[in-house]
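Student: Quick one, what's the 3D model for this:
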Amino acid sequence: MSIDWSTLGPVFLDAIGQTLWMAIATLIIGGFLGLVLGVLLYTTRPGGILANRFVSTALNLAVNIIRPIPFIIFITAIGPLTIAVVGTQLGTGAATFALVVAATFGISRIVEQNLVTIDPGVIEAARAMGASPWRIIGT
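Tutor: Predicted structure coming up:
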């Protein structure tokens, strides 16, 4: 039994391209959105620069509910949202959307946990020098 590469080769190349597209799009979009959400989680927590109990609780609840869901269940659960955004629940676009949403919540928790390690004295020093909350966050 031999493999017919003239037939399978284009299929494999197409599949590799789709996989790379999904991984790169997820890394870029999910990484950016996860960074933004993680910074919001950190800054809105009690004692944070933009402390807001309601926003902090809502974001933490969303992350704590969505992040631990197994991915295959998550794809099915957000099916209606995927159809509303992408137009279909099947294919590379739909899978990329689900991957981006899942990555956003996973990365946001990692970002938040890394920001928690910042010495509070650094933030207090920035405040004492007159830096605005947005200047501290951006720096």
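
Student: rest of the way, CA atoms for contacts and neighbours
Tutor: Will do.

Student: Mind naming the longest helix for the chain?
Tutor: helix 92-116 (DSSP state H).

Student: give me the low-pLDDT residue ranges for the protein?
Tutor: Applying pLDDT under 70 to the chain flags the ranges 1.

Student: Go ahead and flag the most central residue of it.
Tutor: Centroid check for the chain by C-alpha atoms, centre = their mean gives Thr104 as the closest residue, at 1.0 Å.

Student: What residues does that one make contact with?
Tutor: Thr104 sits next to Gly30, Gly31, Phe32, Leu33, Gly34, Leu35, Leu37 when contact means C-alpha atoms under 8 Å, 6 or more residues apart in numbering.

Student: Now for Leu81, how many residues are close by?
Tutor: A total of 17 residues lie near Leu81 under the criterion other C-alpha atoms under 10 Å.

Student: neighbouring contacts of the one helix or strand it maps to?
Tutor: Here Leu81, judged by DSSP states H and E, is contained in helix 79-86. The contact list for helix 79-86 (C-alpha under 8 Å, 6+ apart) reads Thr88, Gln89, Gly93, Ala94, Phe97, Ala98.

Student: I figured Gly106 was touching Gly34, is that so?
Tutor: Yes - using C-alpha atoms under 8 Å, Gly106 is in contact with Gly34, at 7.3 Å.
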